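Asker: Generate coordinates for the sequence data below:
(2 chains)
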Amino acid sequence: KAGVTQTPRYLIKTRGQQVTLSCSPISGHRSVSWYQQTPGQGLQFLFEYFSETQRNKGNFPGRFSGRQFSNSRSEMNVSTLELGDSALYLCASTAVPNNNEQFFGPGTRLTVL
Amino acid sequence: AQSVSQHNHHVILSEAASLELGCNYSYGGTVNLFWYVQYPGQHLQLLLKYFSGDPLVKGIKGFEAEFIKSKFSFNLRKPSVQWSDTAEYFCAVILTGGGNKLTFGTGTQLKVEL
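Answerer: This next block holds a predicted model:
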């Protein structure tokens, strides 16, 4: 069974631009969560989607948004990039929406210049 | 505010030494608890989890953790570490019924020396 895949793996953007990251969950998994990992703040929850609906949201500004498609693939978008958005963005998938083991992808390394 | 604390940020051990990494959480309700590991250049992987039942849980690669409800703790242990255990370890918590919102501790960087 293929794992969680994330594209692209690396991305370099400049301040003010926007970016879209993609996540394909494990086949059959319907819940997708996104996390931001930085050296200073550690791993922080961004949002969770299940059946194309956002179920949970972390404490991030509105510049961070996401969506999920009918095939469970998910995208997250960050608009008006800031230097502080440089981070590893991780996607995790779960078979069912509550409290189960989350399987993480390799992440997308975003660098904002 | 809900939080997870890992008190050891950097730990250096020699091979065969015993390991204990502390994790305390601050939550008002029933929680599910996890330890994840991130080996250099690899994905986050689940080491072990506690949902209910026996508070001593065993995970992969010889790791175990004990849930002590009265102390709000979920410490990770391994009797004898190996060089290959060098990695970053994260404790994480989910509120029961709270979806999949994992709250992570700040992580402990473990280095095992030969």
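Asker: Regarding the residue nearest the centre of chain A, which helix or strand does it belong to?
Answerer: Residue closest to the mean C-alpha point of chain A, counted by Cα atoms, centre = their mean, is A:W34 at 3.4 Å. Per DSSP states H and E, A:W34 falls inside strand A:31-38.
Asker: Sheet-wise, list the partners of the very next helix or strand once past that strand with their directions.
Answerer: The C-terminal neighbour of strand A:31-38 among helices and strands, as given by DSSP H and E, is strand A:42-50. Here strand A:42-50 is paired, per DSSP bridges, with strand A:31-38 (antiparallel), strand A:53-57 (antiparallel).
Asker: what stretches of chain B score poorly on pLDDT?
Answerer: Applying pLDDT under 70 to chain B picks out residues B:1.
Asker: State the distance from the residue sitting nearest the centre point of it to B:G62.
Answerer: Nearest residue to the geometric centre of chain B (Cα atoms, centre = their mean): B:W35, 3.4 Å. Separation of B:W35 from B:G62 (Cβ to Cβ, to the nearest Å): 13 Å. Placement of C-beta: from N, CA and C, glycine included.
Asker: Not counting its own residues, what contacts the lowest-mean-pLDDT helix or strand in chain A?
Answerer: The weakest-scoring helix or strand in chain A, judged by mean pLDDT, DSSP states H and E, is strand A:53-57 (a mean of 92). Applying Cβ atoms under 8 Å, 6 or more residues apart in numbering or on different chains, the contact partners of strand A:53-57 are A:31, A:33, A:45-49, A:66, A:68, A:97, B:98-101.
Asker: buried sites along it?
Answerer: A:R55, A:N56 (16 or more other Cβ atoms under 10 Å in any protein chain shown).
Asker: and the one helix or strand A:Q6 maps to, which strands flank it?
Answerer: Counting by DSSP H and E, the element that carries A:Q6 is strand A:5-7. Strand A:5-7 sits in its sheet next to strand A:19-24 (antiparallel), going by DSSP bridges.
Asker: Quick one: name whatever helix or strand follows the one helix or strand B:F90 maps to.
Answerer: Taking DSSP H and E as the definition, B:F90 sits inside strand B:87-95. Per DSSP H and E, the first helix or strand lying C-terminal to strand B:87-95 is strand B:103-104.
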